[in-house]
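[1] My questions concern the predicted model and sequence given below.
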Amino acid sequence: MDNSLEQRITRLEQSNRRLRAACIAIVLIATGVFVVGADRPLPPPVDLVQARRIEVMDGKGHAAIVLQTKDDSSSIAVYGPDRQYAAVLVGQQRKASMLLVKGNDAPEVFAEAVEQGGQIGIADGKPATPGSDRAALNISGTPNGFGIFHVINGKPQSMLSFAKTGGGLELRTPNGKAVTRIVGADTGGQIQIIDEHGKVVWQAPDNK
């Protein structure tokens, strides 16, 4: 065999051995780094995170939980996967609210605490659009007493009330004009029937 060819083969074998040794060394070093990294403890959690708005995203890139603060309120909103239902907590000056919302309409269920009492409301599920006969049942409490209201389009209809001096019941027609009223108080009870024009057509006892 030609000496020059033997020399080239020898140099190639030596080069291959050096290359294999270098590869083995790199693998050992990398393995050691990974092992050391696996054994390294995780950094401790931070004590404080400050932001005006924080969004927690779902798997589709939508904000599933939103925490935010404004000049007049702070809120937390939790959305369902379909983005149609949400639970919202709101804190304001002398007022706190919890809202269960469907779609972009008004809340279906709400609870509210204010300085002088609070109220709870449940809607009938109809859309809150102009002209809709959307109805709700509200329960309210104040230092003066309690009331249960049937509300249509934001206007009180029938009502049951309780106070320290007595109680009352008002049953209204759908247009809210004609009323049957029953009142109980320390001074006595009374029943009234009022027509759509606001005129008392019958009452007992008759005060005439």
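    Cool, got the structure.
[2] just the strands in this structure please.
    Assignment of strands within the chain using DSSP state E yields the ranges 53-57, 63-69, 73-79, 85-92, 95-102, 107-114, 117-123, 135-142, 145-152, 155-163, 166-172, 179-185, 188-194, 200-204.
[3] could I get those as TSV with mean pLDDT and mean neighbour count?
    No exception for glycine: its C-beta is placed from N, CA and C like everyone else's. Shown next, in TSV, are the strands of the chain (pLDDT from 0 to 100; neighbours: other CB atoms under 10 Å):
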stretch	mean pLDDT	mean neighbour count
strand 53-57	92	12
strand 63-69	92	15
strand 73-79	93	15
strand 85-92	92	15
strand 95-102	91	16
strand 107-114	91	16
strand 117-123	92	17
strand 135-142	91	16
strand 145-152	90	17
strand 155-163	87	15
strand 166-172	89	17
strand 179-185	86	15
strand 188-194	87	14
strand 200-204	87	11
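[4] Columns distance to Pro43 on top of those strands, output as JSON lines?
    JSON lines is the format used below for these (distance: least, CB to CB, whole Å):
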{"stretch": "strand 53-57", "distance to Pro43": "20"}
{"stretch": "strand 63-69", "distance to Pro43": "23"}
{"stretch": "strand 73-79", "distance to Pro43": "27"}
{"stretch": "strand 85-92", "distance to Pro43": "31"}
{"stretch": "strand 95-102", "distance to Pro43": "36"}
{"stretch": "strand 107-114", "distance to Pro43": "40"}
{"stretch": "strand 117-123", "distance to Pro43": "44"}
{"stretch": "strand 135-142", "distance to Pro43": "49"}
{"stretch": "strand 145-152", "distance to Pro43": "54"}
{"stretch": "strand 155-163", "distance to Pro43": "58"}
{"stretch": "strand 166-172", "distance to Pro43": "63"}
{"stretch": "strand 179-185", "distance to Pro43": "68"}
{"stretch": "strand 188-194", "distance to Pro43": "73"}
{"stretch": "strand 200-204", "distance to Pro43": "77"}
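[5] closest one to Asp47 among the ones you listed?
    strand 53-57 (16.2 Å; CB to CB).
[6] Tell me which strands that closest one pairs with, and in which orientation.
    strand 63-69 (antiparallel) (DSSP bridges).
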